[in-house]
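In: Got a predicted structure plus its sequence, pasted below:
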Amino acid sequence: YDEKCVFCRIARREEPGTALLPCEDEDLVCFRDIKPGAPHHYLVVPVKHMGNCKTLKTEHIPLVKRMMEVGKAVLQKNNFNDLNDVRMGFHWPPFCSIAHLHLHVLAPASQLGFLSRIYYRINSYWFIT
């Protein structure tokens with residue numbers, strides 16, 4: 001836990017302005033992005049503080065898979081079922097504003113606005129899927 005990290009505080013329900021969405025995984029939380037790039041834009045975040053995506057190692061593959069499953073489940077609970085029209089990924093440092101691992105879940109990807117198509121471009125220099 002890092003008390004200076006906003007995502008740590010959100011995960012511990014210490015930020016009353018951020019509502020957590022129902023999540024089946026007790027080690028993860030999910031909430032809406034404050035600057036949505038798509039009609040559905042959620043962040044899936046580990047409760048335990050982890051650094052950004054550059055700190056991921058082979059042993060974190062199961063965690064990333066669970067994060068993706070939570071993202072898909074949240075989309076479906078919010079009546080979005082076309083899982084072929086979804087973009088998920090991480091901003092690559094130094095292009096991430098919060099240094100706590102967080103997966104962006106955006107849908108429908110086909111409705112990303114002009115800037116969002118750039119900002120969340122698949123496997124770009126700043127966003128990895």
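Out: Now that the structure is in, tell me what you want to look at.
In: Touching the lengthiest helix in the chain from outside, list them.
Out: When the chain is parsed with DSSP state H, its longest helix is helix 61-77. Contact with helix 61-77 is made by 21-25, 27-28, 30, 40, 42, 44, 46, 56, 81, 83, 86, 88, 103, 105, 107, as judged by Cβ atoms under 8 Å, 6 or more residues apart in numbering. No exception for glycine: its C-beta is placed from N, CA and C like everyone else's.
In: Give me the buried entries from the residues you listed.
Out: Neighbour-count burial (16 or more other Cβ atoms under 10 Å) applied to those gives 21, 23, 25, 28, 30, 40, 42, 44, 46, 56, 86, 88, 103, 105, 107.
In: Look at the second one and tell me its secondary structure.
Out: Counting by DSSP: H, G, I helix; E, B strand; the rest coil, the backbone at C23 sits in coil.
In: just to revisit the earlier point, next step: the buried ones among the contacts of helix 61-77 restricted to strands.
Out: Using DSSP state E, the subset of those located in strands is 28, 30, 40, 42, 44, 46, 88, 103, 105, 107.
In: can you put these in JSON lines and add pLDDT?
Out: Listed next are these as JSON lines, based on pLDDT from 0 to 100:
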{"residue": "L28", "pLDDT": "97"}
{"residue": "C30", "pLDDT": "98"}
{"residue": "H40", "pLDDT": "97"}
{"residue": "Y42", "pLDDT": "98"}
{"residue": "V44", "pLDDT": "98"}
{"residue": "P46", "pLDDT": "97"}
{"residue": "M88", "pLDDT": "98"}
{"residue": "L103", "pLDDT": "98"}
{"residue": "V105", "pLDDT": "98"}
{"residue": "A107", "pLDDT": "98"}
